[in-house]
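# sequence below, structure please.
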Amino acid sequence: MGTVYRKSATKSLPASAEVFVRQGNRFARWKDAKGKTRTAVVTTGVDGADRIVVEARTFTAKYRDGAGVVREVATGCRDETAARSVLADLERRAELVKAGVITSGEDAVAAHQAAPLSVHIDAFLERRTKRSPSGLSLRCLGNARQRLDRIATECNFKYLCDLRRESFDKWMKRSLEAGMTPSTCNEYRKEIVVFGNWCVQSSRLLSNPFAAVPKANVATKEARKRRSLTEAELIRLLDVARRRPLIEATTIRRGKRKGQTTANVRDDVRDELERLGRERALIYKTLVLTGLRKGELASLTIGQLELDGRIPFVVLHAADEKNRQGSHVPLRSDLADDLRQWIADKAAAWKAAKQANGGADDSQGEGVLKFVSRDEAKRQGHSCQQASGATQLPASTQLFTVPAGLVRILDRDLKLAGIPKRDERGRTVDVHALRHCFGTLLSKAGVAPRTAQAAMRHSTIDLTMNTYTDPKLLDVAGALELLPALPVSGGPQSERNVAKATGTDDYRAAPFAPGFAPTADNSRQTQADIGKPTLTAHVERDDRKNVVSLDVDKEKRSLTNPVNERQKVETRGVEPLTPALQRRCSPN
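Predicted structure coming up:
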């Protein structure tokens, strides 16, 4: 026979508690935070100190289940009668298990049916966090919760018993018709399938109702294709991003002067708008020159920047990177200078804001102190050099405040800069397209594909070369100019020039040896030698020795003779003429 009771526990005696004795028992009396008087029994702890005994507000049911195991189940009822009703239901299910009407698995599942679905989702995400605390980021947990909550809301899933495959199938169909891409729809399907598998493993469901849901066909809808911006477009975009906040604030919206940028703004507002524009331009420039994703840039803090070494770089933590590996991202020297100046200005503004707020503690964080502008900091006597040397920002200070609606801000910047959102190929520009600009600029600059893959932090070279490189911006025409010239005009002279250029010319009128030892009836005079002084060797032969004398022939040859015409000359050469050599060089 089961029973219900309130569990009790001991706590430390409150500091303001008054201990008194009533009917031989000790009690403590104190006031809680709301001013209400509380009374509890006083007992002695294992360490000999006084402690108060506190009872739970709800009842717990204690019974023996169908397998004969004693179990304690929280009823959640503050009323004893209601708690005994829950106990009776538990004992009835235990009798059904003993009689073989239901299985022990069905009994375990029934114990979770009364809890709302949100409770199970919380337990599921908590379990995932404990299993991989270092590999699962807060962003992944947020995405998982957002997807599960959206499915539960739009499919009207309130309890575990409401989970139906038919409802989820209809939801997928509606989502695809509303414009959701098949790949995104498959991400939602993956999340609900994993949740269903966990419910089965934790004895909350007998089977996963979503295990057989088919994936959406990604071939039915072409994935979004992004285009890269040209260098001229990037320069215009950075200029507009820097000026647009102030332009919008000073633009007259109505009246005769509508559209004119002559509205008056306060100096502090102007300074803040200029700082905001500068920050947006730096965000775009950092995304283009590093290839960082939006979430990775938003996670960067000042402590993750190494700007004083020979090669400045950014330390990207594994929890914030997409592949969960962590990376060191190099920085261009000009970008490093911009970031160094940006941090110095923030430090100056921090110091000025701290003094303006009465010397508040730095540990209170950036959210408490309001930054003043760079000009305002200078007016208060805090230069950037003083700030960087004397006032150091906390390492946990965010480098940039990346807005959640950055894509909408980018759209307005593109419109003001006159840059089309979509080109003639149907490719669009968004925040992630700035990463495509990074990959395309690397290829356009002639960076080796393997180096570009490492800079992009891609797992495959195909992703770098085919997905993140826009072929429209590559200099294909310039590459073709590097190919050799292939003339097609006819004639012996053209063929002779081509043969000389390729190294395949052979003088069929003369053998190989006379090129080195010409004879009297087999000589060669190249076009390059015409008109040049020549060294000749006069050979005198007698019985004792061969006398060779050198002189310079300064006589200029006539250009009327054919270049390759055979000429009759005296016996000359670079070595003495021997009978064997004479026979070998003779035309007969």
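# wait, R227 touches D423, no?
Yes - under the contact definition of C-beta atoms under 8 Å, R227 touches D423, with a separation of 5.4 Å. Glycine gets a C-beta too; all of them are placed from N, C-alpha and C.
# after the worst-scoring helix or strand of the chain on mean pLDDT comes which helix or strand?
The weakest-scoring helix or strand in the chain, judged by mean pLDDT, DSSP states H and E, is helix 384-390 (a mean of 39). Once helix 384-390 ends, the next helix or strand along the chain (criterion: DSSP states H and E) is helix 406-417.
# tell me which other helices or strands that following helix touches.
helix 231-250, helix 267-290 (3 or more C-beta pairs under 8 Å, 6 or more residues apart in numbering; DSSP states H and E).
# quickly find the element holding T39.
Applying DSSP H and E as the criterion places T39 in strand 37-44.
# in that strand, what's buried?
Judged by neighbour count using 16 or more other C-beta atoms under 10 Å, the buried positions of strand 37-44 are 40-42.
# next one: stretch 432-441
Quick answer for stretch 432-441 (16+ other C-beta under 10 Å): 433-441.
# avg pLDDT for the strand holding T39?
In this model, strand 37-44 has a mean pLDDT of 88.
# strands paired with that strand, and their directions?
Under the criterion DSSP bridges, strand 37-44 sits next to strand 25-31 (antiparallel), strand 50-55 (antiparallel) in its sheet.
# K351 is nearest to which of these?
Among the strands paired with strand 37-44, strand 25-31 comes nearest to K351, with 44.8 Å by C-beta to C-beta.
# for the closest one, give the mean pLDDT please.
Average pLDDT, strand 25-31: 89.
# relative to L96, which of the buried residues of stretch 432-441 is nearest.
Each of these was scored against L96 by C-beta to C-beta, and R435 proved nearest at 59.7 Å.
# which SSE is the closest one in?
helix 433-444.
# can you check A123 too?
Per DSSP H and E: helix 117-131 holds A123.
# cool, L297 as well?
Assigned by DSSP H and E, L297 falls within helix 294-298.
# so what does the following helix or strand past that helix touch, helix or strand wise?
Toward the C-terminus, helix 294-298 is succeeded by strand 305-306 as the next helix or strand (DSSP H and E). Strand 305-306 is packed against strand 313-316, with contacts defined by 3+ C-beta pairs under 8 Å, 6+ apart.
# list the buried residues of the strand it packs on.
For strand 313-316, using 16+ other C-beta under 10 Å, the buried residues are 313-314, 316.
# same deal with stretch 420-427?
Judged by neighbour count (16+ other C-beta under 10 Å), stretch 420-427 contains these buried residues: R427.
# avg pLDDT for that stretch?
Averaging the model's pLDDT scores along stretch 420-427 yields 90.
# what is the neighbour count of L399?
Applying other C-beta atoms under 10 Å, we find 24 residues neighbouring L399.
# doesn't L300 make contact with it?
Yes - when contacts are counted by C-beta under 8 Å, L399 is listed as touching L300 (4.5 Å).
# quick one: which of the buried residues of stretch 432-441 is nearest to E306?
F438 (20.1 Å).
# tell me who's in contact with the closest one.
287-291, 455-456, 468 (C-beta atoms under 8 Å, 6 or more residues apart in numbering).
# could you do Y468 as well?
By C-beta under 8 Å, 6+ apart, the contact set of Y468 is 435-436, 438-440, 456, 458.
# how far off centre is stretch 445-454?
On the basis of C-alpha atoms, centre = their mean, to the nearest Å, stretch 445-454 sits 17 Å off its chain's mean C-alpha point.
# er, stretch 250-267 I mean
Put simply, stretch 250-267 sits 39 Å off its chain's centre (C-alpha atoms, centre = their mean).
# can you give me the end-to-end span of it?
Stretch 250-267 has an end-to-end distance of 12 Å (C-alpha to C-alpha, to the nearest Å).
# quick one: the helices in the stretch 401-550 of the chain?
406-417, 433-444, 449-456, 461-462, 476-480, 492-502 (DSSP state H, counting those that start in this stretch).
# return the most buried member of those helices.
Counting by mean count of other C-beta atoms under 10 Å, helix 433-444 has the highest mean neighbour count of the helices of the stretch 401-550 of the chain, with a mean of 23.
# quick one: that helix to helix 231-250, angle?
150 degrees (axes from the mean of the first three to the mean of the last three C-alpha atoms, to 10 degrees).
# okay, buried residues for stretch 25-33 please.
Neighbour-count burial for stretch 25-33, counted by 16+ other C-beta under 10 Å, picks out 27-28, 30.
# residues in contact with L316?
The neighbours of L316, taking C-beta under 8 Å, 6+ apart as the test, are 292, 296, 300, 304, 326-329.
# can you rerun that using 10 Å?
Going by C-beta atoms under 10 Å, 6 or more residues apart in numbering, L316 touches 290, 292-293, 296-297, 299-300, 304, 322, 325-329, 457.
# repeat for A455
Going by C-beta under 10 Å, 6+ apart, the list of residues near A455 reads 290-291, 329-330, 438-439, 442, 447, 464.
# pLDDT and distance to L339 for the residues you listed - can I get that in a markdown table?
Putting those into a markdown table (pLDDT from 0 to 100; distance: C-beta to C-beta, whole Å) gives the following:
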| residue | pLDDT | distance to L339 |
| --- | --- | --- |
| T290 | 94 | 10 |
| G291 | 93 | 16 |
| V329 | 92 | 12 |
| P330 | 92 | 13 |
| F438 | 94 | 17 |
| G439 | 93 | 22 |
| L442 | 92 | 20 |
| V447 | 91 | 22 |
| T464 | 90 | 25 |
